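**Student:** how would this look folded up:
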Amino acid sequence: MLLAVFLVIAALFVVLGIIFASGKGANLIAGYNTASYEEKSKTDEKKLLKAMSVFMFVLAGCFLVLALSQVLHVKSLIWIGQALFVVALIAGLIYLNTGDRFKR
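**Tutor:** Predicted coordinates for the structure are as follows:
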């Protein structure tokens, strides 16, 4: 049962990653979709979507490690997957929200 949950979440992250990598789905990014037209015009949408797609694929990889822990019945992999997820989440959020990386 837990394996199915991990695989569904990983699949959702992969689908979001594909949407962002194709240059679509900017309205799915929290903060960007509520920004004013002036703010959006100052942002390089392609760079933002590329960074978000990489972020989604990394998070999907973390969930695949969690799924692998269920397949192999290795409890240490679940701790590794959780640690990877937390580190990737914190690092990704810091990267995406600091600096002027996505300004035109």
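
**Student:** Contacts only, for the nearest residue to L77 once chain neighbours are set aside.
**Tutor:** Counting by Cβ to Cβ, 6 or more residues apart in numbering, L77 lies nearest to S69, which is 3.4 Å off, once chain neighbours are set aside. All C-beta spots, glycine's among them, are computed from the backbone N, C-alpha and C. For S69, the contacting residues are K75, S76, L77, I78, I80, G81, by Cβ atoms under 8 Å, 6 or more residues apart in numbering.

**Student:** now with 10 Å?
**Tutor:** Neighbouring residues of S69 by Cβ atoms under 10 Å, 6 or more residues apart in numbering: L2, L3, F6, K75, S76, L77, I78, W79, I80, G81, Q82.

**Student:** Just send these back as CSV, with secondary structure, distance to N27 and neighbour count too.
**Tutor:** Listed next are the contacts of S69 as CSV, based on DSSP: H, G, I helix; E, B strand; the rest coil; distance: Cβ to Cβ, whole Å; neighbours: other Cβ atoms under 10 Å:
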residue, secondary structure, distance to N27, neighbour count
L2, helix, 32, 11
L3, helix, 32, 13
F6, helix, 27, 21
K75, helix, 40, 9
S76, helix, 40, 8
L77, helix, 36, 17
I78, helix, 34, 17
W79, helix, 36, 12
I80, helix, 34, 16
G81, helix, 30, 21
Q82, helix, 30, 14
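
**Student:** follow-up on the earlier one: can you name the helix or strand that the residue nearest to L77 falls in?
**Tutor:** helix 45-72 (DSSP states H and E).

**Student:** Run a quick neighbour tally on L93.
**Tutor:** Number of residues near L93 (other Cβ atoms under 10 Å) recorded here: 11.

**Student:** I'd like to know how far it sits from E45.
**Tutor:** Computed as Cβ to Cβ, to the nearest Å, the L93 to E45 distance reads 19 Å.

**Student:** what does the helix or strand bottoming out on mean pLDDT in the chain contact?
**Tutor:** The weakest-scoring helix or strand in the chain, judged by mean pLDDT, DSSP states H and E, is helix 37-41 (a mean of 89). Residues outside helix 37-41 that contact it (Cβ under 10 Å, 6+ apart): A26, G31, Y32, N33, T34, A35, R104.
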